[in-house]
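> This is the structure alone, sequence omitted:
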């Protein structure tokens, strides 16, 4: 618990000082990274802690985005709009979760993907809200203390929601329910024998992830002012999945790192070459064939290794004990 | 405790990542002096469904600057092409990157309508850079949503559909069925066509709306067959269009109805190749035609064919003229300041293009240009389009004529 | 009535293409428990390859045979190189096959460009039949015939042959089949190639009707997935019936309620899954 507060505090400070060091375009890009970080963390929860791979997670993001874009015609109240985005995504999660969670693995994946694709087809073929062309919304964030219009303001707004989401997720995975969930992924039989109902816990995680993705989608509109069916495309679903993987599956912060790395890579590689999809595809294949963990795993590995190097013999006995305990707590 | 250290390090890693990126990206100083390159940025659909449009524009731009020694005046030109895959979200990101990071002096983009609208909104808000809208044909970009910062080089729905409405009623047939894609541009085209067609004595028997992404048009074709019409007016962009043309022929409609395309598919040589003899006897309107007899066009076609080994289409000419407008307006303004370029454009710019004379009308930010009616014919075993009629100096009205919306 | 018949024929032709798309996917999953998201890529690549052959002057039928062979060999390579390494891990399968879709799609864009391409209708079917005021393009009738023929062949193969028996047993319990001494590796490769060949055949067949263009592989994939989910994984009969349902709902939905045709299919899918989580004819337990 203490750790959750500490890491959240550190994250908050980083977000606060970051814009002082980076160029205006990077502030703009980082705003996008923060939104995708929330989105990727939500998928990271169901994939890394619930064992539910979903290529259709973008449905919830897209629904959140469409909700804010459409309702912004009627109200400018950001609390209402974001609330509605979360609510709609939550409702959709309940329906799809109810059907999909009865199935595992690939079945789960196919069903969530099919739902997402149907949303894609409906939004792209319906002429309300722009159809394939998308729908442009004019929304300005105002939490009651002035309008947020500058790129910098948006950065801090997304930063706030990012830190909040991180904190809540951290609380959840450390809570008893989160531990049961992870235990279920590792050994479902044992947990059932212990009297836990796997579907309930999976559903809880799915609903949390769904609401969070909806929130991310809603926030996204404040940055882009525009929605289009591309939000529901398989590309989007695959991209967020790769964020989770390159960041680190099974961690809370990993997917956020992955989002950062991905958006950067995409931005710079696509400037250099038109063959970005090819590179992206090869990246997917490489990750699978090399069977490597994500960036966070790498950092953890390097730092563990580094720490060992730096203090080779100092008080060897006591810390080892602590380390083991720490690990137990973490899992 | 150890976990904390890892986390701190992880966060430091992120920060350092940002800092490195900023070091490489943010350090460029903008220059406006002599000999400094002029930076031109483009966000185009270079992958995905609309890649053929973006590619054409890119080729046109590159051809123009190759012909002109990669220079505007005596300053070298640096070109930046970014891919938006036809997605407005990506286009907006490219816009931010090109204007904030590369700090381009002039921007081209808008391969599809929704991107033109998105870019126009952003340009009007930021007032950072002048933009040439390379393809986007939405009417309101010349009216209600017009921005001083965005100028169109392509065509408008009203110009295309309206001219065809007049021409069809006068020369092709008085009874028509309309089939259009069920989205903004489709509705705009159907409305503009029907209004002009009716004004000149035509009668629209039915309007069919096909959702974009339709692969099998047989149900629409069966509906068309229930009408005793002279012609079918179609506006179906993207990959759906060629499929419709093909199925139109497959179901034997080509024998009984004249097919008239509102400039959505048939004007691209590649499409003609894909659908083959299905385009024979079909009509299409275009603001460019490969066979135009003027010196500029001869050289243009020659150079393009030499470089790319194919014949240029509308998108290539749009790209070519985009580059021309950028070059002309910067030279005339004698500066790359946004305000100066806009003032030059607002004073009115006219020049000769391979497509014929062009005048950029400051009332609508839209080119006054010739429109050509083309007809598909088979000539020595090859299928080509022939110029049958020319409408000279077609203009965009300064205000919305307020036609009754087609349903 | 004529209107109805004409559209029924159109719906049938579309349904048969859906069937060919989905049958391979269904059986690959049913037997190998492999989620091959690159299935749509085989479909569209076959179209592109056949296009290249036919452009070089070959007739439709030869191009079709060659394209199916090329894609089958290609599928064998993919199976040996990649797919065989990800048995058992669903997330790996998904990542890997999505990666393949991106790579193959971008390569296709590189080689064949972003334009809409289409294979010309074979000369002997390049006419239409007029009957009681209706027009039936001969090629579509041919597609319907091919679809029904293949459905019959698959049924015969599954129900009456020894290989079919092994496949049927394998869908239910692969371990048992391997315990009985059959070489699982060969069965897997065989089924994977057969599924890919079916998709390739469908891809070439649809070339003159649907054509080929970038990103089409996703449309194909999603359509086949909906068919497979409704019909039930691992069942050809299910794939056939679900194709018909989706084909007809699509055609008639488009005439009477154009905007909501897709929503109908969606509601149908939800309803079926509510009642029967494995789909109409699914035997695979989840």
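Right, received. Where do you want to start? On a predicted model such as this, the values are computed, not experimentally measured, just so you know.
> Show me what residue C:137 is bridged to.
Residue C:137 has these beta-bridge partners by DSSP bridges: residue C:128.
> So which residues of chain C form strands?
Ranges of strands in chain C, per DSSP state E, are C:128-131, C:134-137.
> For residue A:239, find the nearest of those.
The closest of the strands of chain C to residue A:239 is strand C:134-137. By Cβ to Cβ, the value is 40.4 Å. Just so you know, the C-beta spots here come from the backbone N, C-alpha and C atoms, and that holds for glycine as well.
> Next one: the residue nearest to residue B:162 when sequence neighbours are not counted from residue B:394, what distance?
Excluding the flanking residues, the one nearest residue B:162 by Cβ to Cβ, 6 or more residues apart in numbering or on different chains is residue B:196, at 4.4 Å. Separation of residue B:196 from residue B:394 (Cβ to Cβ, to the nearest Å): 12 Å.
> what's the overlap in contacts for those two?
Shared contacts of residue B:196 and residue B:394 (Cβ atoms under 8 Å, 6 or more residues apart in numbering or on different chains): residue B:163.
> Residue ranges in chain A under the pLDDT threshold?
Along chain A, the parts satisfying pLDDT under 70 run over A:1, A:104-106, A:127, A:292-293, A:308-331.
> So which residue is dead centre in it?
Geometric centre of chain A, nearest residue: residue A:40, 2.0 Å, by Cα atoms, centre = their mean.
> List the buried residues of the helix ranked longest in chain C.
In chain C, with assignment by DSSP state H, the single longest helix is helix C:2-32. Within helix C:2-32, the residues that count as buried by 16 or more other Cβ atoms under 10 Å in any protein chain shown are C:6-7, C:9-32.
> how about the residue nearest to the centre of chain A, what does it touch?
With Cβ under 8 Å, 6+ apart, residue A:40 has these contacts: A:240, A:243, A:244, A:247, A:255, A:256, A:258, A:259.
> top of these by neighbour count?
Highest neighbour count within the contacts of residue A:40: residue A:255, with 35 neighbours (other Cβ atoms under 10 Å in any protein chain shown).
> Let me see the backbone angles for that residue.
phi -60, psi -30 (degrees, to the nearest 10).
> for residue B:176, same thing?
Dihedral pair for residue B:176: phi -140, psi 150, per degrees, to the nearest 10.
> isn't residue A:72 right up against residue A:136?
No. Checked against Cβ atoms under 8 Å, the pair residue A:72 and residue A:136 is beyond contact range at 10.5 Å.
> what's the closest non-adjacent residue to whichever residue of chain B sits closest to chain C?
Relative to chain C, the nearest point of chain B is residue B:51 (2.8 Å; Cβ to the nearest Cβ). Among residues not flanking residue B:51 along the chain, residue C:114 sits closest, at 2.8 Å (Cβ to Cβ, 6+ apart).
> how deep is the one you found tucked in, by neighbour count?
Residues lying near residue C:114 (other Cβ under 10 Å) number 25.
> what's the nearest residue to the residue nearest to the centre of chain A if we skip its chain neighbours?
residue A:255 is the one closest to residue A:40 (Cβ to Cβ, 6+ apart), at 3.7 Å.
> For the stretch 1-150 of chain A, which residues are neighbours of chain B?
By the rule Cβ under 8 Å from any Cβ of the partner chain, the part of the stretch 1-150 of chain A lying against chain B is A:3, A:6-7, A:10-11, A:14, A:18, A:21-26, A:28-30, A:32, A:121, A:124-127, A:130-134, A:136.
> and after whichever helix or strand residue B:317 is part of, which helix or strand comes next?
Assessed by DSSP states H and E, residue B:317 sits inside helix B:314-333. On the C-terminal side of helix B:314-333, the nearest following helix or strand under DSSP H and E is helix B:338-346.
> And that following helix, what's buried?
Buried residues in helix B:338-346, defined by neighbour count with 16+ other Cβ under 10 Å: B:338, B:340, B:341, B:342, B:344, B:345.
> what about the residue of chain A found nearest chain B, neighbour count?
Closest residue of chain A to chain B, Cβ to the nearest Cβ: residue A:23 (2.9 Å). Residue A:23 has 20 neighbouring residues, counting by other Cβ under 10 Å.
> check which helix or strand covers residue B:179.
strand B:175-181.
> Give me the helices and strands touching that strand, please.
helix B:184-199, strand B:203-210, helix B:218-224, strand B:231-235 (3 or more Cβ pairs under 8 Å, 6 or more residues apart in numbering or on different chains; DSSP states H and E).
> Comparing these, which comes out most buried?
Highest mean neighbour count of those: strand B:231-235, a mean of 27 (counted as mean count of other Cβ atoms under 10 Å in any protein chain shown).
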